[in-house]
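Engineer: Need coordinates for the following:
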Amino acid sequence: GTRMGWGTRFQALTWIVIPLAFSRAFAAAPSSRLSRFSSSSSSSSQAERFLAKRTTYPISRLLRHRIHQNQAYGGSLRSAAAAATATATASALSSSPAPSSLCPQHHQHHHRHHHHHTSNSLGTEWSVRRAGTRVMGGRASKESSNEKQDEKWDIEAFSPSKINLFLRIIGKRPDGFHDLGSLFQAISLGDSLKVSKLDQNSVDEFECDMPGVPTDDSNLVLRAAKLFREKTGITNGVRVSLSKKVPAQGGLGGGSANAATMLWAMNKLFDYPATQEELIEWSGDLGSDITFFLSSGTAFCTGRGEILEKVPQLPVQNVYIIKPDVGLSTPLVFKNLNYSELSPEEPREILGRFYANGDTPISDEDDDNQAKPQDGTGIKYINDLEPPAFRLLPVLKEIKEYLNEFDFDAVLMSGSGTSIFAIGEPKSAPEAVFLDEMEDMKEKWNLQVFKARFLNRGENEDQWYELPAGSS
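Structural biologist: Here you go, the predicted structure:
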């Protein structure tokens with residue numbers, strides 16, 4: 001025993017802390033993302049403005065220091081980080097135990113929870129590998145046989161999801177439902193539905209890769225097939241495979257979109273025995289949101305959501321979807337609705353703010369359109385279900401406030417939650433900073449994060465939503 005002096009203790013501590021800090025900030029990040037900080041002075045200035053705002057959720061001091069350093073000296077952030085990491089790591093390894101002394105359980109735990117996968121494809125998720133099964137987009141992947149992978153299907157269709165650009169609750173109806181006014185927009189986050197025709201009077205076959213999704217007659221997809229047969233007199237069964245990516249209880253209408261996609265697929269499979277108008281009319285028997293997905297992808301919905309009013313398509317925009325693992329049931333949110341908290345805004349007045357002269361979409365660069373007075377008038381993005389949902393699940397309010405710090409065009413809860421969406425791109429920080437921050441927030445709030453974009457379909461009966469090129 002010689003006792004270690006404070007100077008030696010500090011030096012040993014830096015050998016441990018510096019590599020950990022650098023590995024957190026840089027090791028998992030692709031070089032293309034890191035190079036964005038050093039590619040231009042504007043990115044550094046943008047990051048500086050963002051850092052100056054951050055108080056509640058500060059970025060690591062190490063990243064702050066590197067952005068300052070990069071702006072002052074114009075050096076390569078990535079090369080500086082790599083050099084510092086290499087030097088510190090070499091020093092640490094020279095006095096640290098051999099890797100074989102690491103606890104295997106700890107090593108496996110670290111690998112499971114800190115392996116990040118990022119993608120710039122629209123409609124894809126930045127996912128975290130969790131213990132047990134590999135989770136991508138909320139679905140547990142499973143091995144398939146070669147025959148199953150090569151199986152031919154009569155129809156393969158993309159099933160989108162939606163966001164509510166605004167949602168006003170008008171009041172409760174005698175039948176227990178609520179009248180509403182809402183601008184729905186389809187987005188490119190979606191599922192995959194495959195359908196094949198079976199013989200007459202055959203029993204329907206259904207499979208889904210998301211645990212917990214019912215595979216009996218209660219499933220909306222099978223109910224849609226049954227309804228279609230009842231209305232058209234067709235007696236053939238169908239075989240259906242549903243690959244899920246849209247999270248449940250997110251206010252994204254994933255199940256409703258599956259049912260609408262099934263109605264369209266059945267109509268195509270049996271050579272269009274029904275008109276578009278008939279499909280829209282029938283869909284109301286299945287659920288409130290299903291009708292919307294039979295529109296062109298942008299629609300003003302009233303009643304309980306089943307009455308469609310055609311409106312012009314909006315300019316294509318990117319949208320981030322942030323979904324905590326916990327969900328809320330729609331009836332529970334409505335049960336906690338306080339009518340005194342409802343917005344006084346008229347739904348059609350709100351709708352008009354998305355369009356100029358009734359037909360032409362308003363530019364996002366229009367200053368009047370972006371004005372948000374303190375008294376609440378003139379705001380486009382309203383959701384009357386936010387207050388009850390935030391009371392039931394306070395973390396939703398935290399997530400929204402956190403996203404607002406990035407100065408997106410709009411941040412709002414979709415439907416009855418629990419998804420929060422952010423439209424556009426972050427203005428107060430480079431996208432790379434936002435994505436790195438989201439990785440940290442995933443661990444804090446157990447989130448799924450998706451990037452998608454507005455999506456529309458053609459007017460013809462044989463046209464359906466298609467996954468944008470480059471998406472997966």
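
Engineer: Quickly list what I423 is bridged to.
Structural biologist: V319, A410 (DSSP bridges).

Engineer: just checking, it touches F406?
Structural biologist: No: contact criterion C-beta atoms under 8 Å: I423 and F406 do not qualify, at 11.4 Å. In short, each C-beta sits where N, CA and C put it, glycine included.

Engineer: Can you pick out the residue with more neighbours from the two?
Structural biologist: F406 (23 against 20; other C-beta atoms under 10 Å).

Engineer: element containing Y465, please.
Structural biologist: Y465 is part of no helix or strand, with elements assigned from DSSP states H and E.

Engineer: Any idea which helix or strand in the chain has the lowest mean pLDDT?
Structural biologist: Every helix and strand in the chain was compared by mean pLDDT, DSSP states H and E; the lowest is strand 135-136, with a mean of 30.

Engineer: so where do the helices sit in the stretch 151-300 of the chain?
Structural biologist: Counting by DSSP state H, counting those that start in this stretch, the stretch 151-300 of the chain has helices at residues 220-232, 254-269, 276-283.

Engineer: tell me what the last one is packed against?
Structural biologist: Contact partners of helix 276-283 among helices and strands, from 3 or more C-beta pairs under 8 Å, 6 or more residues apart in numbering; DSSP states H and E: helix 220-232, helix 254-269.

Engineer: Which of those helices has the highest mean neighbour count?
Structural biologist: helix 254-269 (a mean of 25; mean count of other C-beta atoms under 10 Å).

Engineer: May I have that one as CSV, with CA atoms only?
Structural biologist: Output of helix 254-269 as CSV, limited to C-alpha atoms (Å, rounded to 0.1, in the frame of the first residue of the first chain):
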residue,chain,number,x,y,z
GLY,A,254,-53.3,2.1,-37.7
GLY,A,255,-56.1,-0.4,-37.2
SER,A,256,-58.6,1.7,-39.0
ALA,A,257,-56.2,2.1,-42.0
ASN,A,258,-55.8,-1.7,-42.0
ALA,A,259,-59.6,-2.1,-42.3
ALA,A,260,-59.8,0.5,-45.1
THR,A,261,-56.9,-1.1,-46.9
MET,A,262,-58.7,-4.4,-46.7
LEU,A,263,-61.9,-3.0,-48.2
TRP,A,264,-60.0,-1.5,-51.1
ALA,A,265,-58.0,-4.8,-51.6
MET,A,266,-61.2,-6.9,-51.5
ASN,A,267,-62.7,-4.6,-54.1
LYS,A,268,-59.7,-4.9,-56.4
LEU,A,269,-59.3,-8.6,-55.8
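
Engineer: other SSEs contacting that helix?
Structural biologist: Short answer (3+ C-beta pairs under 8 Å, 6+ apart): helix 254-269 packs on strand 155-172, strand 178-200, helix 220-232, strand 236-243, helix 276-283.

Engineer: Averaged pLDDT, it. What do you get?
Structural biologist: Mean per-residue pLDDT for helix 254-269: 98.

Engineer: Determine the angle, from 0 to 180 degrees, between that helix and strand 155-172.
Structural biologist: Orientation of helix 254-269 against strand 155-172 (axes from the mean of the first three to the mean of the last three C-alpha atoms, to 10 degrees) gives an angle of 130 degrees.
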